[in-house]
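> below are the sequence and a predicted model; questions follow.
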Amino acid sequence: MKMKLATWATAAMMAASPVMADLVFPSLSYRTGPYAAGGIPFADGYADYFTLLNERDGGIGGVKTAVPECETGYNTEKGVECYEATKGDGALVYQPLSTGITYQLIPKATADDIPIHSMGYGRTSAANGEVFGHVFNYPANYWNGASGAVNYLLEQGDLSGKKVALVYHNSAYGKEPIRTLQELSKKHSFEFMEVAVDHPGQEQKSQWLQIRRERPDYVIMYGWGVMNQVAIQEAANIRFPMENFIGIWWSGSENDVLPAGEAANGYKALTFHGVGDDFPVFDDIKTHVVDKGLAAGSGDQIGTVLYNRGLYAAMLAAESAKTAQEIHGTADITAAMMRDGMEALEITEAKMAELGLPGFGPSFSVSCANHGGPGLVGMTQWDAAAKEWKLVSDFAPSDLNVIDPLIAEDSAAYAAESGITPGCN
């Protein structure tokens, strides 16, 4: 059993400790290939936040952080190679930024006692910490996203007799929401159709001709990279109403809508965090990181959707590390200790405000039983004239009456296949 030490005792122990090695947060990034437009700003936000902690705060608990990058090209095999190449350098947690890579790393990282944070992606049933003890996907997952989209549509009117299409990246990622949408279609009596798009998604004319022919009332998209840009342009070409087109959070960045110009106006995308740069933390990043020439990029991505998401992931990792330091009474934490910190993480409104991110994301706590957080989902909409995303709904609950049984079923199957006896330590 873990016992939380008093804060003053922890601080004293940290102060008395000898000089320690960096706290290492590897970045499995992709700055090249067809998905680079999304990978670059995320990696920049992730790195810049840790640089901010080093420059402004002296690190985490008095220990500097390091963010070694390893280029995966969004390729699963390269992602595994990056994991193997960096895990021995003191890696505390991995952010694979790829569902395919995440699936491959789950058994490896579990055996190596290193946690994974697949924030808003990866294997959805990893939300069950009693089976996936080293995997966390808080604050929301792909099934929350699917339900969030349907709930938003239900607020607009009855879906009975309507047709909802899923345009999806034909990969483990894109296929994640299918089962959930099938169950939701039964519950709410709408017709569900699937439209797959093969990697990388540059050619979609046949898919959008199918949509024009079958005339769905709404389209939900689980895309990434160039696929999103092409889909939005093709939707505009067939005059599909943008206000009825909803992307998952990986299909809702500036990169996805700007190429289509005014035609993208009104397009919607789900989110689990805030938008824009009107948060105090960005002033600190400009002062302590960008103005000092220490930014991972040119500094022009601050406030964009994917930069913010990378920063949010880094903030959650840093807060988990702080929690681990308190639990174990040492600043020089190991990956196993980091896992404990992630499982005991609590994000409150007060903490977000203290970090310079007031209202940026929902409050939540993590536990052994729930590695997925609250599953609260918001909606954003693109304003082409202003060239900005606007939050058009509050963070709202998803349908856990549908999602939780699916998580239980899938995680139980994984446990049986892998010889895991579910439970908490």
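Received, thanks. Numbering: from 1, shown residues only.
> ok, and the closest non-adjacent residue to residue 76?
residue 100 (4.1 Å; C-beta to C-beta, 6 or more residues apart in numbering). For the C-beta atoms, the positions are set from N, CA and C on the backbone; glycine is no exception.
> what's the separation between the one you found and residue 317?
Counting by C-beta to C-beta, to the nearest Å, the gap from residue 100 to residue 317 is 21 Å.
> again with residue 306
Counting by C-beta to C-beta, the gap from residue 306 to residue 317 is 17 Å.
> these two: who's more crowded?
residue 317 (29 against 24; other C-beta atoms under 10 Å).
> does the more buried one lie in a helix or a strand, and which?
Element membership of residue 317 [criterion: DSSP states H and E] is helix 305-328.
> any weak-confidence spans in the stretch 301-425 of the chain?
Low-confidence segments of the stretch 301-425 of the chain (pLDDT under 70): 425.
> which parts of it are strands?
For the stretch 301-425 of the chain, the strands defined by DSSP state E, counting those that start in this stretch cover 346-347, 364-365, 378-383, 388-391.
> tell me which of those strands is the most buried.
Of those, the one with the most neighbours on average (mean count of other C-beta atoms under 10 Å) is strand 378-383, at a mean of 21.
> right, and residue 184 touches residue 401 too?
No. If you go by C-beta atoms under 8 Å, residue 184 and residue 401 don't touch, sitting 10.6 Å apart.
> more neighbours, those two?
residue 184 (24 against 10).
> phi and psi next, for residue 193.
Per-residue torsions, residue 193: phi -130, psi 150 (degrees, to the nearest 10).
> residues contacting the closest residue in space to it that isn't next to it in sequence?
In space, and not counting its chain neighbours, residue 193 is closest to residue 165: 4.8 Å by C-beta to C-beta, 6+ apart. Taking C-beta atoms under 8 Å, 6 or more residues apart in numbering as the criterion, residue 165 is in contact with 192, 193, 194, 195, 211, 214, 216, 218, 219, 220.
> burial count for residue 422?
Residue 422, neighbours per other C-beta under 10 Å, totals 17.
> now the angle between strand 378-383 and the helix holding residue 317, please.
150 degrees (axes from the mean of the first three to the mean of the last three C-alpha atoms, to 10 degrees).
> quick one: helix 305-328 to chain centroid distance?
Averaging C-alpha positions (C-alpha atoms, centre = their mean, to the nearest Å) puts helix 305-328 12 Å from its chain's average.
> helices or strands up against it?
Using 3 or more C-beta pairs under 8 Å, 6 or more residues apart in numbering; DSSP states H and E, the elements in contact with helix 305-328 are helix 7-16, helix 36-57, strand 116-117, helix 335-343, strand 346-347.
> returning to that earlier point: would JSON lines of the strands of the stretch 301-425 of the chain with distance to residue 50 be doable?
Shown next, in JSON lines, are the strands of the stretch 301-425 of the chain (distance: least, C-beta to C-beta, whole Å):
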{"stretch": "strand 346-347", "distance to residue 50": "18"}
{"stretch": "strand 364-365", "distance to residue 50": "22"}
{"stretch": "strand 378-383", "distance to residue 50": "26"}
{"stretch": "strand 388-391", "distance to residue 50": "25"}
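> so which of those strands gets nearest residue 262?
strand 378-383 (10.5 Å; C-beta to C-beta).
> on that earlier part again, which of the contacts of residue 165 sits closest to residue 413?
residue 194 (21.9 Å).
> from residue 290, how far out is that closest one?
With C-beta to C-beta as the criterion, residue 194 and residue 290 are 43 Å apart.
> surely residue 119 touches residue 142?
No. The pair residue 119 / residue 142 is not scored as a contact, 11.4 Å apart, by C-beta under 8 Å.
> okay, now the spatially closest residue to residue 368 that is not a sequence neighbour: neighbour count?
Nearest in space to residue 368, with sequence neighbours left out and distances taken as C-beta to C-beta, 6+ apart, is residue 424 at 3.8 Å. Neighbour count for residue 424, taken as other C-beta under 10 Å: 10.
> close enough to count as contact, residue 424 and residue 129?
Yes. Applying C-beta under 8 Å as the test, residue 424 and residue 129 come out as touching, 7.4 Å apart.
> what sits against residue 216?
With contact set as C-beta under 8 Å, 6+ apart, residue 216 has these partners: 163, 164, 165, 193.
> phi, psi of the residue nearest to residue 193?
Here is the backbone geometry of residue 165 (degrees, to the nearest 10): phi -100, psi 140.
> equivalent analysis for residue 245, please.
Dihedral angles (degrees, to the nearest 10) for residue 245: phi -110, psi 120.
> cool, and residue 253?
phi -110, psi 170.
> quick check: the residue nearest to it when sequence neighbours are not counted vs residue 247, distance?
Spatial nearest neighbour of residue 253, excluding adjacent residues (C-beta to C-beta, 6+ apart): residue 305 at 4.2 Å. The gap separating residue 305 from residue 247 is 11 Å, by C-beta to C-beta.
> likewise for residue 149?
Taking C-beta to C-beta, one finds residue 149 at 9 Å from residue 247.
> who touches both of the two?
220, 270.
> next, format the contacts of residue 165 as CSV and append pLDDT.
Formatted as CSV, the contacts of residue 165 follow (pLDDT from 0 to 100):
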residue, pLDDT
192, 98
193, 98
194, 98
195, 98
211, 98
214, 97
216, 98
218, 98
219, 98
220, 98
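> which one among those residues gets closest to residue 338?
residue 220 (34.8 Å).
> for the closest one, give the beta-bridge partners.
Residues in a beta bridge with residue 220, per DSSP bridges, are residue 166, residue 246.
> list the residues that contact it.
Neighbours of residue 220 in contact, by C-beta under 8 Å, 6+ apart: 146, 149, 164, 165, 166, 167, 177, 181, 246, 247, 248.
> make JSON lines out of those residues and add pLDDT and distance to residue 41.
Formatted as JSON lines, the entries for the contacts of residue 220 read as follows, by pLDDT from 0 to 100; distance: C-beta to C-beta, whole Å:
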{"residue": "146", "pLDDT": "98", "distance to residue 41": "25"}
{"residue": "149", "pLDDT": "98", "distance to residue 41": "24"}
{"residue": "164", "pLDDT": "98", "distance to residue 41": "30"}
{"residue": "165", "pLDDT": "98", "distance to residue 41": "29"}
{"residue": "166", "pLDDT": "98", "distance to residue 41": "26"}
{"residue": "167", "pLDDT": "98", "distance to residue 41": "23"}
{"residue": "177", "pLDDT": "97", "distance to residue 41": "24"}
{"residue": "181", "pLDDT": "98", "distance to residue 41": "29"}
{"residue": "246", "pLDDT": "98", "distance to residue 41": "22"}
{"residue": "247", "pLDDT": "98", "distance to residue 41": "16"}
{"residue": "248", "pLDDT": "98", "distance to residue 41": "17"}
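> having no further points to raise, I will conclude here.
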